[in-house]
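Novice: make a model of this:
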Amino acid sequence: MASEDTFPSDMSGHALVDGIAAAIRERIMSGTIPIGSQLRQAELAGDFGVSRTPIREALRQLQTGGLIEVVPNRGAVVRVPAPWEVRDAYEVRAELESLAAARAVSRVAKPDIDELRVANQTMYERSLAESERGAEAGPDSRQENDTFHSRIAELSGNSRLARSIEEINDTFPRNVSAQLLVKDGRHREENFHEHQRIIDALESGESETARAEMREHVIKAGEQIARWYERRSSTVFRG
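Specialist: Now for the predicted structure:
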């Protein structure tokens, strides 16, 4: 299959390796390359139209970053995060995002509230429609969830805080949370109403309520994702 990622013909060295690593990383984060998948150098080289050398270096880069690992008899595979890693990351994320929500209260305006409500409603409707069709979570659903959380982080007015939240958010493939919204109706309903309560607190100027609601929401989301990885890790390498 031809790659949608193209690189200039004169691109070489570190720039080429970094570009390939970024492209592979994006495929993993989006779920295009699922966790547990084997990453074959020859296939990737053909896909990107390069030799195996930059592919090998790009995989080493991703391995150093913890996104892939080398498994005996299988080679490089997309790493399955340990559930405790997810819980630890989301514990930190909950504190950061709750701070962002509390800070956003004094900075949010009516257009921001409207944007958040549209993002939440759109995410709910798309994930419900995908569930009813028996489809997988699409990129639009993931984007709306990202919009909801990243917009509140931006409204905090603290760029370092927003970057820290984004770094944690980029630790694990983003399609997992979207898949949960599609596959688990109860989680979808709870997630929608949790978002609504956060928006209501922002709109009414209740900073401590916004802080508490966001913290609880992120902790619950992290627990759902950790449990997903617990189930997945027990089956992903079988066979």
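Novice: okay, domains of the chain per the record?
Specialist: Domain assignment for the chain, taken from automatic domain parsing, gives 13-78, 83-233.
Novice: the shortest one: end-to-end distance?
Specialist: Put plainly, it is domain 13-78. Terminal residues of domain 13-78 lie 24 Å apart, using Cα to Cα, to the nearest Å.
Novice: what about the spatially most central residue of the chain, distance to G49?
Specialist: Closest to where the C-alpha atoms of the chain average out (Cα atoms, centre = their mean) is R174, at 2.3 Å. Taking Cβ to Cβ, to the nearest Å as the measure, R174 falls 27 Å from G49. C-betas here are computed from N, CA, C, even on glycine.
Novice: list the buried residues for the helix or strand hosting R215?
Specialist: Taking DSSP states H and E as the definition, R215 sits inside helix 207-233. Buried residues in helix 207-233, defined by neighbour count with 16 or more other Cβ atoms under 10 Å: 207, 209-215, 217-222, 224-226, 228-229, 232.
Novice: now do that helix, average pLDDT.
Specialist: Regarding helix 207-233, the rounded mean pLDDT is 93.
Novice: where in this protein is pLDDT low?
Specialist: Residue ranges of the chain with pLDDT under 70: 1-12, 137-141, 234-239.
Novice: for it, which segments are assigned as strands?
Specialist: In the chain, the strands defined using DSSP state E lie at 68-71, 75-78.
Novice: what packs against the last one?
Specialist: Put plainly, it is strand 75-78. Strand 75-78 sits against strand 68-71, with contacts defined as 3 or more Cβ pairs under 8 Å, 6 or more residues apart in numbering; DSSP states H and E.
Novice: and the strand it packs on, what other elements does it pack with?
Specialist: helix 52-64, strand 75-78.
Novice: rebuild these as JSON lines, extending it with mean neighbour count and distance to P34.
Specialist: Below are the helices and strands packed on strand 68-71 laid out as JSON lines (neighbours: other Cβ atoms under 10 Å; distance: least, Cβ to Cβ, whole Å):
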{"stretch": "helix 52-64", "mean neighbour count": "18", "distance to P34": "15"}
{"stretch": "strand 75-78", "mean neighbour count": "18", "distance to P34": "7"}
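Novice: nearest to S164, of those?
Specialist: Ranking the helices and strands packed on strand 68-71 by their distance to S164 (criterion: Cβ to Cβ) puts helix 52-64 first, at 20.7 Å.
Novice: follow-up on the earlier one: touching, the residue nearest to the centre of the chain and R142? I think so.
Specialist: Yes. If you go by Cβ atoms under 8 Å, R174 and R142 touch, sitting 5.2 Å apart.
Novice: understood, closing this out.
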